[in-house]
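**Q** okay, here's the prediction I keep looking at, along with the sequence it came from:
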Amino acid sequence: MLRGLMQDAPLLISSIIRHADLCHGDTEVVSRTVEGGIHRYTYADVHRRARQIAQALGRLGVGLGDRVGTLAWNGYRHLELYYGISGRGAVMHTINPRLFPEQIAYIINHAEDRYICFDLTFAPLVEKLAPQCPTVRGWVAMTDRAHMPQAQIPNLLCYEELVAAEDGSYEWPRLDEWTAAALCYSSGTTGNPKGALFAHRSTVIHAYAASLPDVFNASACEVILPVVPMFHVNSWGIAYLAPLNGSKLVLPGAGLDGKSLYELFEAEKVTMTAGVPTVWLGLLAFMQENGLKFSSLKRAVVGGSACPPTMIQTFAEYGVDCVHAWGMTEMSPLGTFGSLKAKHLKMSPEEQFGTRIKQGRAIFGVEMKIVDAEGRELPRDGKAFGDLLVRGPWVTTGYFKGEGGDILRDGWFPTGDVATIDPDGYMQITDRSKDVIKSGGEWISSIDLENIAVAHPGIAEAAAIGVSHPKWDERPLIVAVKRAGADVTREELLKFFEGKVVKWWIPDDVAFVETLPHTATGKLLKTQLRQDFKAHKLPTA
Ligand code: AMP
């Protein structure tokens with residue numbers, strides 16, 4: 001081998017914030033705080049305070065590889081912890097506060113977190129958790145002395161006091177780039193949560209890839225507001241790619257309702273945002289009810305669960321390019337982005353739409369293939385569907401502490417999604433393999449049925465699930481939430497499916513409910529729905 005002559009510079013997370021300080025030191029980071037009000041400072045400030053908190057963690061005895069948990073919204077202190085914890089060689093463990101307390105305690109104990117940093121919102125939760133978490137030496141309230149919680153929390157520390165005690169003269173260590181940097185437990189809906197452990201190297205490569213023009217298209221001219229939480233797979237990489245590119249960052253805190261988001265979008269001139277479909281339902285409904293428009297937003301990235309085609313259309317009516325994205329916790333998380341190619345731009349809007357609704361093409365670095373039950377690769381013809389497998393430098397090799405054993409198949413990670421891939425490389429998810437409706441040995445896509453249901457003007461949200469049927473094994477049931485003031489009937493909704501899918505795909509029944517259950521990351525919780533409607537008697541049965 002003739003060895004190349006380039007330098008061996010490890011890819012480290014600390015380099016991102018140092019770079020942001022040197023090249024974008026005056027670029028703003030704006031946060032809506034839990035204490036109330038808006039906080040504003042710059043990447044130079046983030047870098048200084050990240051070094052201070054890194055020093056403080058050292059003083060608390062946090063060593064290489066130790067896990068430090070966070071229970072926090074998207075805010076500036078959380079951002080400092082992203083860099084302070086990982087930068088010093090410890091592992092930042094973001095915990096989803098929307099999980100059940102028993103699951104959170106399980107996760108903290110499994111991760112053996114040494115310290116947990118929490119936003120004030122979660123003080124009552126922490127009070128409950130503390131007695132159940134023996135590995136945690138201290139609980140850090142992410143606030144100043146004046147706002148310290150009154151809750152009965154043992155070894156309670158004040159974040160601002162920890163920061164103030166340090167001078168920030170910390171030199172980031174030159175770590176091995178394979179050092180673990182962050183830990184995130186997957187929000188899998190069955191079994192115990194399992195940890196994906198990201199390395200510095202994988203995180204930095206992912207941040208580069210996520211910045212590409214056909215991905216987030218980040219730059220120093222953008223203003224990015226991640227609605228996706230920093231506890232949902234590192235806000236899909238935004239907490240890294242924004243400082244890497246010098247994009248202004250706007251962090252919404254706990255204000256995720258339509259009104260709070262809209263006001264922040266407008267006040268800070270946000271140009272790009274990202275989040276799961278459920279949050280956009282709230283924002284778009286608020287705008288429709290109040291006859292509002294966006295003055296600066298250009299791009300909304302939607303992922304985490306299938307983006308209903310109607311949502312892409314509604315965003316388009318507001319002049320916003322809604323881009324569909326797909327990924328998984330186990331993939332850091334980005335796998336595909338639905339950006340169009342030049343040839344699509346020459347097509348009619350209807351033809352373009354056929355591509356826009358797909359989950360998108362693989363980002364360079366991610367390899368994808370679909371296989372049949374025997375593991376044979378299926379054609380990339382946009383029609384054949386099978387199990388989606390992936391591999392690449394930011395895809396996991398296995399879960400933290402070996403949970404679940406050897407999960408790879410010949411080096412490929414089985415996503416659990418069922419998908420097609422077309423000749424242009426666009427992947428479309430038919431279903432989560434656990435969610436497909438199996439009718440008479442054939443598969444019905446629950447996502448397709450949901451997309452049609454929510455296209456009905458009277459429907460706000462819908463889930464399609466399989467309900468047992470004596471003849472067909474399973475038949476589809478739509479569980480739907482009506483739009484406020486709408487008066488749609490079961491018959492009307494079923495009729496709406498006619499001509500949109502083959503006859504045998506048309507659901508057998510509709511159940512209207514007030515709300516649908518969601519997972520902690522905002523996906524429809526179909527395991528619960530299947531349980532709730534287990535005894536549902538279909539009229540066709
Ligand atoms: P999580 O690890 O919680 O982000 O969940 C990953 C799973 O969410 C994927 O395996 C998919 O089943 C689902 N998912 C993510 N993005 C999308 C999308 N754009 N369309 C459909 N499903 C998605």
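**A** Yep, it's here.

**Q** please count neighbours and contacts with C-alpha atoms only from this point.
**A** Noted.

**Q** give me the number of residues near the residue of the stretch 1-150 of the chain found nearest the ligand?
**A** The stretch 1-150 of the chain approaches the ligand most closely through Asn96 (10.7 Å), counting by C-alpha to the nearest ligand atom. Asn96 has 25 neighbours, counted by other C-alpha atoms under 10 Å.

**Q** equivalent analysis for Cys221, please.
**A** Around Cys221 there are 11 residues (other C-alpha under 10 Å).

**Q** also Ile85?
**A** 31.

**Q** ok, it - contacts?
**A** By C-alpha atoms under 8 Å, 6 or more residues apart in numbering, the contact list for Ile85 reads 53-54, 57, 68, 91-92.

**Q** got it, and Ile312?
**A** If you count contacts by C-alpha under 8 Å, 6+ apart, then Ile312 has 321-323, 357 around it.

**Q** among these, name the ones in strands.
**A** Among the contacts of Ile312, the residues falling in strands (DSSP state E) are 321-323.

**Q** would you format those residues as TSV with distance to Lys537 and pLDDT included?
**A** Converted to TSV, these look like this (distance: C-alpha to C-alpha, whole Å; pLDDT from 0 to 100):
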residue	distance to Lys537	pLDDT
Asp321	42	97
Cys322	39	97
Val323	39	97
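
**Q** can I get stretch 348-368 as CSV, trimmed to CA atoms?
**A** Taking C-alpha atoms only, stretch 348-368 is exported to CSV below (Å, rounded to 0.1, in the frame of the first residue of the first chain):
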residue,chain,number,x,y,z
SER,A,348,-45.6,19.0,-13.4
PRO,A,349,-46.3,19.7,-9.7
GLU,A,350,-48.4,16.5,-9.6
GLU,A,351,-45.5,14.4,-11.0
GLN,A,352,-43.0,16.0,-8.6
PHE,A,353,-45.4,15.2,-5.8
GLY,A,354,-45.1,11.5,-6.4
THR,A,355,-41.4,11.8,-5.5
ARG,A,356,-41.8,14.3,-2.7
ILE,A,357,-44.0,12.0,-0.7
LYS,A,358,-41.3,9.3,-0.6
GLN,A,359,-38.9,9.2,2.3
GLY,A,360,-36.0,10.1,0.0
ARG,A,361,-32.6,9.1,-1.3
ALA,A,362,-29.8,7.8,0.7
ILE,A,363,-27.4,10.4,2.0
PHE,A,364,-23.9,9.6,0.8
GLY,A,365,-22.4,7.4,3.5
VAL,A,366,-25.6,5.4,4.0
GLU,A,367,-26.0,2.2,1.9
MET,A,368,-29.5,0.7,1.6
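
**Q** and the helices in the stretch 51-200 of the chain?
**A** Assigned by DSSP state H, counting those that start in this stretch, the stretch 51-200 of the chain shows helices spanning 76-87, 101-111, 123-129, 159-164, 200-211.

**Q** next one: the stretch 401-541 of the chain
**A** Using DSSP H, counting those that start in this stretch, the helices of the stretch 401-541 of the chain run over 446-455, 490-496, 526-532.

**Q** need the winner for burial among these.
**A** Ranked by mean neighbour count, the helices of the stretch 401-541 of the chain are led by helix 446-455 with a mean of 21 (mean count of other C-alpha atoms under 10 Å).

**Q** quick one, what contacts Ala44?
**A** Neighbouring residues of Ala44 by C-alpha under 8 Å, 6+ apart: 20-22, 24-26.

**Q** among those, which lie within helices?
**A** 20-22, 24 (DSSP state H).

**Q** about what we covered before: tell me the contacts of the residue of the stretch 1-150 of the chain closest to the ligand?
**A** 71, 104, 231-232, 520-521.

**Q** and what of Ala480?
**A** Each residue near Ala480 by C-alpha under 8 Å, 6+ apart is listed here: 453, 459-463, 510-513, 516.
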